[in-house]
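Engineer: Let's see this in three dimensions:
(4 chains)
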There are 4 protein chains.
Amino acid sequence: MIKVAVLGATGYAGIELVRILSNHPDVSIEFLGSHSFDGQKISEVYKNFVHILDKECKELDLDEVAKCDVAFTALPHGASKTVIPQLIEKGLKVIDLSGDFRYDDISVYEKWYGEEHSSPELLEESVYGLCELHRDKIKNARLIGNPGCYTTCSILGAAPLLASGLAESKNIIVDAKSGVTGAGRSTNLAYSFCECTENTKAYKIATHRHTSEIEQELSKLAGEEIMISFTPHLIPQKRGIFSTIYINLKEKHTTEEIVNLYKEYYKNEYFVRVKDKGDLPETKFVAGSNFVDIGVVVDERLNRAVVVSTIDNLFKGAAGQAVQNMNILFGLDETTGLKNAGFYL
Amino acid sequence: MIKVAVLGATGYAGIELVRILSNHPDVSIEFLGSHSFDGQKISEVYKNFVHILDKECKELDLDEVAKCDVAFTALPHGASKTVIPQLIEKGLKVIDLSGDFRYDDISVYEKWYGEEHSSPELLEESVYGLCELHRDKIKNARLIGNPGCYTTCSILGAAPLLASGLAESKNIIVDAKSGVTGAGRSTNLAYSFCECTENTKAYKIATHRHTSEIEQELSKLAGEEIMISFTPHLIPQKRGIFSTIYINLKEKHTTEEIVNLYKEYYKNEYFVRVKDKGDLPETKFVAGSNFVDIGVVVDERLNRAVVVSTIDNLFKGAAGQAVQNMNILFGLDETTGLKNAGFYL
Amino acid sequence: MIKVAVLGATGYAGIELVRILSNHPDVSIEFLGSHSFDGQKISEVYKNFVHILDKECKELDLDEVAKCDVAFTALPHGASKTVIPQLIEKGLKVIDLSGDFRYDDISVYEKWYGEEHSSPELLEESVYGLCELHRDKIKNARLIGNPGCYTTCSILGAAPLLASGLAESKNIIVDAKSGVTGAGRSTNLAYSFCECTENTKAYKIATHRHTSEIEQELSKLAGEEIMISFTPHLIPQKRGIFSTIYINLKEKHTTEEIVNLYKEYYKNEYFVRVKDKGDLPETKFVAGSNFVDIGVVVDERLNRAVVVSTIDNLFKGAAGQAVQNMNILFGLDETTGLKNAGFYL
Amino acid sequence: MIKVAVLGATGYAGIELVRILSNHPDVSIEFLGSHSFDGQKISEVYKNFVHILDKECKELDLDEVAKCDVAFTALPHGASKTVIPQLIEKGLKVIDLSGDFRYDDISVYEKWYGEEHSSPELLEESVYGLCELHRDKIKNARLIGNPGCYTTCSILGAAPLLASGLAESKNIIVDAKSGVTGAGRSTNLAYSFCECTENTKAYKIATHRHTSEIEQELSKLAGEEIMISFTPHLIPQKRGIFSTIYINLKEKHTTEEIVNLYKEYYKNEYFVRVKDKGDLPETKFVAGSNFVDIGVVVDERLNRAVVVSTIDNLFKGAAGQAVQNMNILFGLDETTGLKNAGFYL
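Structural biologist: As a prediction, this is how the structure comes out:
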């Protein structure tokens, strides 16, 4: 059994981790870290866990956590800074759900986050945990920067075209829609029921940090610098990211050709489901699961591919992918504990 | 492995069965029956199943189904009439999700359903599959009438008080609220998004069939005839039944006393979670799980207990309880395949 | 033109007042009071008002308010204590949306609110502003205690039966469901989108303050002391109160008889719409309007009437009724500015 | 009083027309046409109208309709074909909510609708009723093709840039999100509550008919042929269109410059509210009103403007704009009956 600590267990990503891990056959949850709920059972904070997991949450105790094999850190930005180096030093594998260890180039981090990075050496050795693209590096990593929700959805949606050389590098647009759990367990008025329901809005246009994460990965895939427009929207549902991606094609192609390109690219990927021509993904097909569903239409009038990609932001966009990373790290079948259909209803 | 057939696999209760069974370690899904989608893969009808279960749905074929150990019948009222006797004859165990085999007294069925019962002998031998109350009889049954969603929630909410002798038999009110999946996979305008969202209504006041099922069970528990007011409401959410039950007490009691009575009554029941005094259930604690959450408040001014009970209508109120019945029937641990926390988010 | 001040204009009841008053042909909005948004335009706080009303919100300024004819006070409990006596002294009519001036008997207030009343003399002269029941007294009042949302819905639903002498005084149950705007403009986690949507719960069972308001009015109607069970529930929609009311009948009656009793009782009330036999109200029929829709079913098995009553909690349950009270106070047609169909969609 | 007929009064656009017209001070609703509900009162079909408008719906009767001054036709595609020429012949003004009379070039219609146009002469004389752009022509029209919901939102969002000459004509992307009322009063399973709530999807990528309407208007504004990518999405709310529009700029500009361009362009337009820099629209600001809210951000990295535009699809996107057209046609103040704040809540 892999001994696991979840730090920041009572946020929305944290509790989704706990939910997935509590069903994982090879995992023993040893430590639930929570600053706000120190001393309370996780089942008092999330009452769906009564009879399932009644373990107590605790303030971070390095010695206790050190007994684990792996720590998932789902801590507020900044809180992870001091903790992660200590965990690494104690010999744990760390899968970090913050943005701190997702970058190849420290200057990109510092530009988009507007602050100095606190652990440049760790950033250097950390691996970007987008499993489908970096599986080999993940296997031997000590520290994994688990990708963001928007980024997982958008990068996997664009990857086959960018890698193929068929795409123009300019005029790539990612128009993304997110459910409200993406904002975390927030008491901000903007996320209250009466302000969110029956409402759609865009936010952080041209400035959202995930832009830089997407650009980093697409640039590597394309072999040249890619800059994109990324527009996040908030939509009135709990779970789900839906990215609509516009990519100009260098030459004429049919929808079939590009669908086939996607199918070929992902043919060995269990968690990526490329739709047949004429079929399109919906967030309800992936909610509650680790799947990425992708559909492609080529607008032949404009010689432009429109790719629609969807994930569950809490699952494949956070906790599920973190567990997938753990499976890779510990040599398990990558789908262990993750092989369930989504809720749909 | 238990070989399983699901007849009516593409309705909402049916697909929830398929979802639960696809995670069950001791089950092999052998047959998916669907009249409307004969020849289509289940993963084409419910696209959350792609890569999970791509089995084809078929028109009912008795010889194929006969190879199974058990059949779940989630058929439209009437359709099950002819099918179930044939399945029983072939030697299968049958767990029927319709209302046809839930009654001790055929005249009650005929009064509330307004028609003759088609299989009086089978009704006679059938067992009412409310696991927590009839576990012993279920073990040896051939045919189980799986309880309705409103009824499971309401009966288990009222049972300890009725069985205790502390409750007055008159003036029992069950005010119940149901999510829209309770109406099934319907194209009726009344269940369209624009008509349902931001809307609450009551329906079938004083005439809903589940009234008779609740009365039957409460009468047995009380040892006298119980008649109740039962009012179903439709609320704008997918999953969840929430029953608010009003029961007059013969003598004065405190909330603690009645909470303790409930805790004692259900002390061996994994799937029933009685809340401490001051704590109350919510539908999100049970959604996506087989749990029943119950809270009790005694209004000492009025000497009346107010019991609030909640389940997921598709899970404990249909498919989950059906699987729990299967577990009992086949001598498995009753919680096999059902031991997961709800979604919450 | 009636000069109007709205104190507490930026809460949900306050802004609904502003919305209704901005369409009222005989009103001039002179003062918008807001502690939190002093100096900001109302159209910056609620951006639906841009181009409609760009008036600035201000900290309370008694001299300015004194120039008005009437003040609506939608202030937090306690804040109104000192303000209202001053307004009355300045000669304004006051329509207060808090619970402070709704009681005939100070001891009832003090029992349910757990504190001394700060203005016993004003309480004495204040009039309970349930227009359909107290129109005559309202006409000449200086201070109106505008009824609560649950109470308006529940009292009007029960009134005809209680007033008729046909109802038993015991075993009256009011099971009420409220949309989330009922909690006001709150940043409490419990009212966040992710915690509220797809969720139903009961709260404050047997202890909600509105119980006492309902009991006061039903007792007057019945001519004897009435005590009820009142259970509020939170349902996942913005607007709407839906009360399901159970009342035992002294003698046998048919649904037609009781429907006719209701129709006769409300025959002169524009805002009360009694449904024909077989027809039932839904919250979407009243959302965004000042109507109360009421349906009645008699359960002849039990000799019990089940009354379902629904209003928009922000409109007839708060702001709309406040304007209706103003219309009465100033001798206008009672429906002025309130004669619109609800949203439905 | 303007005598008005609404044909197709019981669809969602039709009933929104009836709701708006019932508040219009200069209108008398003379005829409500409905094939499906012939003989029923409108208040039986939409029970929010009880006491407001209890008029009977009737099968189309040309002689009766001929007594009116204007007919709004909200008929199913095809049904309007034969009716509209007859109405015009009878001397009525006609405001048609279908797509039939929105085109300058019959071949565009025939290409995107896949059929011959039935009234080429009427198409020729008809005026495209986007009030803010074609007010002068509307004044003297007999037949107005009332714009689609997606198109109103998208064209008005892009117009100032296209008209300015600052925009590149290539690579214009319109990514649009619509509430479910956009699908009309439909019993299609895809629009049922359980299939729509908690779900987002794209549909008709690269083939939606509104593409052609947007292109027609943008081409006229730009003075050259514009072809766009238009992607409609269905989001889980009732009302609201939200268009995110990507337009490359020929030269470098700041957000302030483009915001000012928009403010100048719309400075005389009551119903268009251009947001200040840093402020963005949300659908809840416009729901239930005739406003168009527009925000602009220039991504200076990419020299690209991102414009976000939002309307209520039933109001400014259908019924409200139809009434605005009527106001223009009959020489009323354009805002008559339309000057209300949106619901917000």
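
Engineer: Show me which positions of stretch A:336-345 end up buried.
Structural biologist: Under the neighbour-count criterion of 16 or more other CB atoms under 10 Å in any protein chain shown, stretch A:336-345 has A:Thr336, A:Gly337, A:Leu338, A:Lys339, A:Asn340, A:Ala341, A:Gly342, A:Phe343, A:Tyr344, A:Leu345 buried. (Glycine included, C-beta is placed from N, CA and C.)

Engineer: A:Val94 belongs to a strand, doesn't it?
Structural biologist: Yes - with the criterion set as DSSP: H, G, I helix; E, B strand; the rest coil, the secondary structure at A:Val94 is a strand.

Engineer: For chain D, tell me which of the buried residues of stretch A:336-345 show up nearby.
Structural biologist: Restricting the buried residues of stretch A:336-345 to those touching chain D (CB under 8 Å from any CB of the partner chain) yields A:Leu345.

Engineer: Okay, and which of the buried residues of stretch A:336-345 map to strands?
Structural biologist: When the buried residues of stretch A:336-345 are checked against strands (DSSP state E), there are no matches.

Engineer: Might you enumerate the residues of chain A proximal to chain B?
Structural biologist: The interface of chain A toward chain B, taken as CB under 8 Å from any CB, is made up of A:12, A:15-16, A:19, A:22-23, A:46-53, A:181, A:198, A:238-239, A:270, A:273, A:281-282, A:284-289, A:291, A:293, A:314, A:339-345.

Engineer: how about the buried residues of stretch A:336-345 in JSON lines, adding pLDDT and distance to B:Leu130?
Structural biologist: JSON lines is the format used below for those (pLDDT from 0 to 100; distance: CB to CB, whole Å):
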{"residue": "A:Thr336", "pLDDT": "98", "distance to B:Leu130": "35"}
{"residue": "A:Gly337", "pLDDT": "98", "distance to B:Leu130": "32"}
{"residue": "A:Leu338", "pLDDT": "98", "distance to B:Leu130": "34"}
{"residue": "A:Lys339", "pLDDT": "96", "distance to B:Leu130": "32"}
{"residue": "A:Asn340", "pLDDT": "96", "distance to B:Leu130": "27"}
{"residue": "A:Ala341", "pLDDT": "97", "distance to B:Leu130": "27"}
{"residue": "A:Gly342", "pLDDT": "95", "distance to B:Leu130": "29"}
{"residue": "A:Phe343", "pLDDT": "95", "distance to B:Leu130": "25"}
{"residue": "A:Tyr344", "pLDDT": "97", "distance to B:Leu130": "27"}
{"residue": "A:Leu345", "pLDDT": "97", "distance to B:Leu130": "23"}
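
Engineer: Let me know the pLDDT of the residue in the stretch 1-150 of chain A positioned nearest to chain D.
Structural biologist: Closest approach of the stretch 1-150 of chain A to chain D (CB to the nearest CB) occurs at A:Lys111, with a separation of 11.1 Å. In the predicted model, A:Lys111 carries a pLDDT score of 96.

Engineer: Spell out the secondary structure type for it.
Structural biologist: Counting by three-state DSSP, the three-state call for A:Lys111 is helix.

Engineer: so what's it closest to, chain neighbours aside?
Structural biologist: When the adjacent residues along the chain are set aside, A:Lys111 lies closest to A:Ser212, with 7.4 Å between them (CB to CB, 6 or more residues apart in numbering or on different chains).

Engineer: Tell me who's in contact with the one you found.
Structural biologist: Taking CB atoms under 8 Å, 6 or more residues apart in numbering or on different chains as the criterion, A:Ser212 is in contact with A:Tyr103, A:Val108, A:Tyr109, A:Lys111, A:Trp112.

Engineer: Could you look up the SS state of it?
Structural biologist: The local conformation at A:Ser212, judged by three-state DSSP, is helix.

Engineer: Next one: it from D:Lys252, what distance?
Structural biologist: Applying CB to CB, to the nearest Å, the value for A:Ser212 to D:Lys252 is 22 Å.

Engineer: Tell me which residue of the stretch 1-150 of chain A lies closest to chain C.
Structural biologist: Using CB to the nearest CB, the point where the stretch 1-150 of chain A gets nearest to chain C is A:Tyr12, with a distance of 7.1 Å.

Engineer: Next, count neighbours for that residue.
Structural biologist: Other residues lying near A:Tyr12 total 25 when counted by other CB atoms under 10 Å in any protein chain shown.

Engineer: doesn't B:Leu345 make contact with it?
Structural biologist: Yes - contact between A:Tyr12 and B:Leu345 holds when scored by CB atoms under 8 Å: they sit 6.1 Å apart.

Engineer: any shared contact partners between the two?
Structural biologist: Residues touching both A:Tyr12 and B:Leu345 by CB under 8 Å, 6+ apart: A:Thr181, A:Leu314, C:Cys194.

Engineer: Any quick PyMOL command for the buried ones out of those residues?
Structural biologist: Of these, the buried ones go into a single PyMOL selection, burial set by 16+ other CB under 10 Å:
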select buried, (chain A and resi 181+314) or (chain C and resi 194)
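
Engineer: Make JSON lines out of the shared contacts of A:Tyr12 and B:Leu345 and add secondary structure and pLDDT.
Structural biologist: JSON lines is the format used below for the shared contacts of A:Tyr12 and B:Leu345 (DSSP: H, G, I helix; E, B strand; the rest coil; pLDDT from 0 to 100):
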{"residue": "A:Thr181", "secondary structure": "helix", "pLDDT": "98"}
{"residue": "A:Leu314", "secondary structure": "coil", "pLDDT": "98"}
{"residue": "C:Cys194", "secondary structure": "helix", "pLDDT": "98"}
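
Engineer: Sweet, I'm off.
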